[in-house]
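Peer 1: Need coordinates for the following:
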Amino acid sequence: MRATPLLLLIILAAATTPARSQGPAQGPPPAELERIARRFVEAQRARQREGAGAAQVDSALAFLTDSAVYEHPRVGARIVGRDVMRQGMLRFAGTVRGDRTRIVRLTTAPGAVVLELRQELQLRDGEQWVTVRRHAVQVLEFDGARIRRIIDYW
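Peer 2: Below you'll find the predicted structure:
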């Protein structure tokens, strides 16, 4: 049987999530994590949408813990802390138009949600708009009802 990349990422996410010493998994049920993940994807889209500013960035950041970590292994990015993320997000606020991102598949595990996304959008590059089409996977690890770690793969 051939393992899909999504299955491998779920296994990776489970293996990298620290075990809790409190016994059975605590936190919101899978349906609630899924709802939060979907709302977070929409908040991310809104903060990048043409005309977005600080209010949209802050709305997206409200889903994160104060010490949240963002990682993008392909580009070697690792950003620690909601305040540091805010600075970076503000630089890119409003740089996307025509965003047709959709969730292709969503899988929940205790304390984590893995999203498979199809993205088609235009990114502002100076005075030009560049069309981008990509398949992406995003792993969201939770601490209760807030996201403590985001890993982007595209």
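Peer 1: Need the single longest strand in this structure, by residues.
Peer 2: With secondary structure taken from DSSP state E, the chain has its longest strand at strand 128-143.
Peer 1: quick one, longest helix in this structure?
Peer 2: Looking across the chain with DSSP state H, the single longest helix is helix 30-48.
Peer 1: before we move on, back to that, could you check the longest strand of the chain and say which residues are buried?
Peer 2: For strand 128-143, the neighbour count (16 or more other CB atoms under 10 Å) marks Trp129, Val137, Gln138, Val139, Leu140, Glu141, Phe142 as buried. Any C-beta I mention is one placed from the backbone N, CA and C, and that applies to glycine too.
Peer 1: Which one of the residues you listed is nearest to Gly51?
Peer 2: Trp129 (14.1 Å; CB to CB).
Peer 1: excluding its backbone neighbours, what's nearest the closest one?
Peer 2: Gln122 (4.2 Å; CB to CB, 6 or more residues apart in numbering).
Peer 1: in its sheet, what does the helix or strand hosting that neighbour sit against?
Peer 2: According to DSSP states H and E, Gln122 maps onto strand 112-125. If you go by DSSP bridges, strand 112-125 pairs up with strand 96-97 (antiparallel), strand 102-109 (antiparallel), strand 128-143 (antiparallel).
Peer 1: Show the backbone phi and psi for Gly126.
Peer 2: phi 70, psi -120 (degrees, to the nearest 10).
Peer 1: Count the neighbours of it for me.
Peer 2: Neighbourhood size, Gly126 [other CB atoms under 10 Å]: 6.
Peer 1: Report the mean per-residue pLDDT for stretch 142-154.
Peer 2: Stretch 142-154 carries an average pLDDT of 97.
Peer 1: cool, stretch 44-64 as well?
Peer 2: Mean predicted lDDT for stretch 44-64 stands at 97.
Peer 1: and what of stretch 86-96?
Peer 2: For stretch 86-96, mean pLDDT is 94.
Peer 1: now do stretch 113-125
Peer 2: For stretch 113-125, the mean confidence score works out to 96.
Peer 1: List the buried residues in it.
Peer 2: Going by neighbour count (16+ other CB under 10 Å), the buried part of stretch 113-125 is Val113, Val114, Leu115, Glu116, Leu117, Gln119, Leu121, Gln122, Leu123.
Peer 1: on that earlier part again, and whatever helix or strand comes next after the longest strand of the chain with strand 112-125, angle?
Peer 2: Going down the chain from strand 128-143, the next helix or strand is strand 146-153, by DSSP H and E. Angle, strand 146-153 to strand 112-125, by axes from the mean of the first three to the mean of the last three CA atoms, to 10 degrees: 60 degrees.
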